[in-house]
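Engineer: Just need the structure, nothing else, for what follows:
(chains A and B)
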Amino acid sequence: MIMNRLLIASLVLSVSATAVAGVQPSDEAEFYPITTLATPADTLFEVGAVELLPEQKIAVSTRRGEIWVGQDVYQSETPKWTLFARYLHEPLGLSWRDGWLYATQRPELTRLKDADGDGEADVFECISDGWGIKGDYHEYAFGSRHDKDGNIWVTLCLTGSFTADSLYRGWVLRISPDGKVIPTACGVRSPGGIGFGPKGEVFYCDNQGPWNGSSSLKHIKVGSFQGNPNGNVFFPFANGAIGEPPPYPTLTETRIVSERERIPTFVPPVVVLPHGKLGQSPTGIALIENEKFGPFQGQLLVGEQTFSQVQRLFLEEVNGVWQGAAFSFLNGLNSGTIAVRLDEDGTLFAGGSDRGWGARGGKQEALQRVRWSGKVPFEVQEMRAQPKGFQLRLTEPIDPATAVDGSFKMSAYTYIYRGAYGSPEVDQVTPAVKVTKVSADGLTIDLSVEPLTKGHVHELTVSGLRSLAGKGILHPTGYYTLNEIPVGQ
Amino acid sequence: MHAMNCVRIGISILCLISVVFAEPPEWSANPDVAMAIKTTEGTMRYNLAEFTVEPGAKVKLTLENEDGLQHNLVLLKTEGGVAAGLAFAQEIWAGGEAALARGWMPADTSNILAASRLLDPKAVEDLYFVAPEKPADYPFVCTVPGHATIMNGVMKVRQAKPAFSELRYTLYEGAWTKLPDFAALTPVASGQVPEGLVSLDVIGKRKPDNFALVFDGTWEVPEDDLYEFFLGSDDGSRLIIDGEGELESDGIHPLKTVSKKLKLSKGQHTIQLQYFEATGGQELALAVKGKKRGLLSMSKEAPASFANQTPPPPVIALRPEQPGEAVLYRNFIQGSSPRGIAVGYPGGVNLCWDADVCNVALLWRGAFMDAGRHWTGRGQGDQPPMGFDVAAPAKGYPIQVLSNPEETWKSFSVGTIKSEKDVPDPQREVSLKLPNPDYQFRGYRLDAKKFPTFSYRFRGLEVTDRFEPEAASKGEDAFLRTLTFRGQAEPQTMQRIAIVQGAADAGGFYPAGPIVVQIEGAAPQLRPVEGGQELLVPVASLQELKVHYRWVAAIGGKAAVGQ
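Structural biologist: Residues are numbered from 1 along each chain as shown, chains lettered A, B, ... in the order given. This is a model prediction of the structure:
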């Protein structure tokens, strides 16, 4: 019997492992089928941002500076597209508010309107151009939607991998409704998207490179330092908006966990997305606000460009610091995922481009729609840190006979914090994992993990566990970034 | 237009002087460098943007015109890179009919190192020249009007210093299918390589099969940079830098090139190159390319693939969708700050309005913009206008309150920063454009024809700026610019329209580069500045200001005004 189950599990795994470029693995399609939407002819639909509009329409911005409005995007595979605006400079953020469409484009935050009613925007109001651009393609500007105060948060990529040669490169700015620039955080390297968390917190994704051992999701706390010091040269221009520049990081190769002691404003990566294991260029962020998208309410979906994926991130706040676990979620998207936008009705739009870097999906352009089929996949729903281990919550009751120590395997590691490009995994630890408790309803398992290492990614593979129905975990590996160890018993 | 010119050039080319189009030299059968440059079909480009030769090298350069238009290639003795090439070509176009009669060659050919004839489609010509002794960037261009803006490149002349300050080789013999553990082997020979270049010839006569070579050298890295190493071998090889294995192409295989980018600091680095040959062909080549420097060969042999000849991006020529409409392009445009907004108007007049300084930066005629560079690949770099007769009448801020009549014009708002510790070039100062509190760009509105009206605020003034193509005589092209001012202008508020190079003609037109400029309804003031005179208009009592910009000569011709 157990043999049979193992066999099934290995078959399931092998389907995922041999995923064909641009084709969704069938085991994922059962739960979250991907539908490809036809895109406008005669243009290259390299999606940079997606925004929801009234009357079940969406706005999609592209690298070529166009904004298209799609109708029937919720029902049809061949939506009706109309060109709402064009001639923008690579917009990577859209937000609809009070009859205006706000577009964060490379040089400025602009709001657009169709004043003469011919269907195409004719008013392009510059709200703010309070940041510099030198002319390097790296100098992306990703804009959020409006926050509760009406601000738009803009993350500004460095000029190059090692340079910050125009104003506020490597910073996060808030642009107030009246166009005021509010310097908000520093230490950004190469953002890939920005979005809100369950309580309105703002998160962004930053890519592997100098001072980023791996890519990760980061939390933009006002006044925070995100780890890359190159942009700190702009403190003299910020008029004390976020105080004094943080101390320069130690130049000998060190670790974030120790630098946090030296640099009080350093907010560590919330969830590391281990480079090469769980993608290598994370992008847009979407919050799962309700149960319409399956049993993952309050979690984040994060796009992945190079691997053409969407990951799922469980977050929690421990000792005042955000952290959590990342899981593979959707594979086989058509192009490099850049924008993800989830409607509260449970419809996810994911679009993107390979944008000169190449992406597994193989297509230069894509817009796809994903819905929950209503079937619950057997997954690790939540992975919570505990004082002496982790607590897993599963989406289905488990077969208690399989909740044995041997079903769990853990390794832990971290990355070097340094100015060189990226880092290997270092300081490997192999903790011992023991099952200490299984809840009566079979949905929760407590694991003791010895040792727990502060600052390390704790990579847990749940290979032996079965649901009561005999299923193996669909995505059996979780990557938990243990910035803080909870206090208690 | 082009087709007509071409016929006439075909006749005039016969009588061209032989100084430029010389006979093959004695060494023509045995040049130091033999290479080809192609004009690629339908793209108005050369397939190479640059190439590198050593000082004094005897070069045979074959120009292959694969395009459907006539093109040439003129290589200059003048230093100064692409900009110098463009200036050279523009001077030729300004020569008008006379230059056309010379096949778009200058009257004075003393600056020309080598030039092809104007090649018909699919034609080929060999050029022979000796590279200058002085290391510099020597431009080459196609001189047919308009082409040089994208058909340009540079020949880099660089001293080939031996890459390695110290280089030793060690020879082993044996039959392997991959790189052996050299520590466990006994060498059969070893010695210095005085030339400082990796080569399979270091051991004298090459061994036919079954040997291995290890090169140990010291490379003096000239500056902190990101270096790309190219390693080509047949059979296996491995590159070890400062004791770390960095690049590997092990096993038995035909010539295969691998590459890797590495950040290296200035100073001495040890480099070990391991190589083995089983049977069959044998090759070994190593080269390195820094971001700031061209390709440096570290071996005697260098496969052509090392030259990194990435094909040029496709041409995506933008034009208005509907007759009578304008088309816009916001991107990095050469000659403007990165906040350029280019507008192509019906009738083939174009401009780039620079939202960084709230002023028109460039005006040109002919084709609008090529979006190929920015809409493919990663989109790096500035794109020049696609057309020609590019004018930059007055770059920088348009308005200034002059506290005294001599106060110099402040064109840009600039500050400096000093990078900190961990960058490749610590303590380097970078100048950067800063927001100017006097100005706020407000955006633009498009009318039914998609003509933009730009808005900005200067202190208490709300300004709009709008261009429209204007009717002009045959062969001429023209813009009408209308500026409006709302609000109270401070006394001595000046609008700078152009830097002109002479007095106005009877019609009030001032020459400004390839165009002439006329102010309507206001008396301009002139102030001498470098390069001519500033044409200023007092804004104080104005509500509206109209300016006419005109190209008065035939395309590529010279503006004949100010007599």
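Engineer: residues from the stretch 1-150 of chain A in reach of chain B?
Structural biologist: Proximity of the stretch 1-150 of chain A to chain B, by Cβ under 8 Å from any Cβ of the partner chain, involves residues A:44, A:63-65, A:86-89, A:105-108, A:110, A:115-116, A:118, A:121-126, A:129-130, A:132-137, A:139. To be clear about C-beta, it is placed using only N, CA and C from the backbone, and glycine gets the same treatment.
Engineer: can we see that at 6 Å?
Structural biologist: Contacts of the stretch 1-150 of chain A with chain B, taken as Cβ under 6 Å from any Cβ of the partner chain, map to A:64, A:87, A:89, A:107, A:122-126, A:129-130, A:132-133, A:135, A:137.
Engineer: Can you tell me which of those is closest to residue A:217?
Structural biologist: residue A:137 (23.9 Å; Cβ to Cβ).
Engineer: ok now do the closest one, which residues does it touch?
Structural biologist: Counting by Cβ atoms under 6 Å, 6 or more residues apart in numbering or on different chains, residue A:137 makes contact with B:378-380.
Engineer: ok, and which of these reach chain A?
Structural biologist: Answer for these near chain A (Cβ under 6 Å from any Cβ): B:378-380.
Engineer: which of these are buried?
Structural biologist: residue B:379 (16 or more other Cβ atoms under 10 Å in any protein chain shown).
Engineer: out of the contacts of residue A:137, who's nearest chain A?
Structural biologist: residue B:378 (3.7 Å; Cβ to the nearest Cβ).
Engineer: Just say helix, strand or coil for residue A:261.
Structural biologist: Classification of residue A:261 by DSSP: H, G, I helix; E, B strand; the rest coil places it in helix.
Engineer: number of nearby residues for it?
Structural biologist: A count of nearby residues for residue A:261, using other Cβ atoms under 10 Å in any protein chain shown, gives 8.
Engineer: Roughly how far does it sit from residue A:458?
Structural biologist: The gap separating residue A:261 from residue A:458 is 21 Å, by Cβ to Cβ, to the nearest Å.
Engineer: just to revisit the earlier point, is it possible to export the contacts of residue A:137 to CSV including secondary structure, distance to residue B:57 and pLDDT?
Structural biologist: Converted to CSV, the contacts of residue A:137 look like this (DSSP: H, G, I helix; E, B strand; the rest coil; distance: Cβ to Cβ, whole Å; pLDDT from 0 to 100):
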residue, secondary structure, distance to residue B:57, pLDDT
B:378, coil, 33, 84
B:379, coil, 35, 87
B:380, coil, 30, 85
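Engineer: and the stretch 201-350 of chain B, which residues reach chain A?
Structural biologist: Contact residues (Cβ under 6 Å from any Cβ) of the stretch 201-350 of chain B with chain A: B:328, B:330-332, B:338-339.
Engineer: can you redo those as a markdown table with pLDDT and distance to residue A:223?
Structural biologist: Output for these, formatted as a markdown table (pLDDT from 0 to 100; distance: Cβ to Cβ, whole Å):
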| residue | pLDDT | distance to residue A:223 |
| --- | --- | --- |
| B:328 | 98 | 39 |
| B:330 | 98 | 33 |
| B:331 | 97 | 34 |
| B:332 | 97 | 33 |
| B:338 | 95 | 29 |
| B:339 | 97 | 29 |
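Engineer: would you list every one of the helices in chain A?
Structural biologist: Here chain A has its helices, by DSSP state H, at A:2-17, A:26-29, A:256-262.
Engineer: next one: the stretch 251-400 of chain B
Structural biologist: Listed in chain order, the helices of the stretch 251-400 of chain B (DSSP state H, counting those that start in this stretch) span B:372-375.
Engineer: Below-threshold pLDDT in it: ranges please.
Structural biologist: For the stretch 251-400 of chain B, the stretches with pLDDT under 70 are B:291-295, B:302-312.
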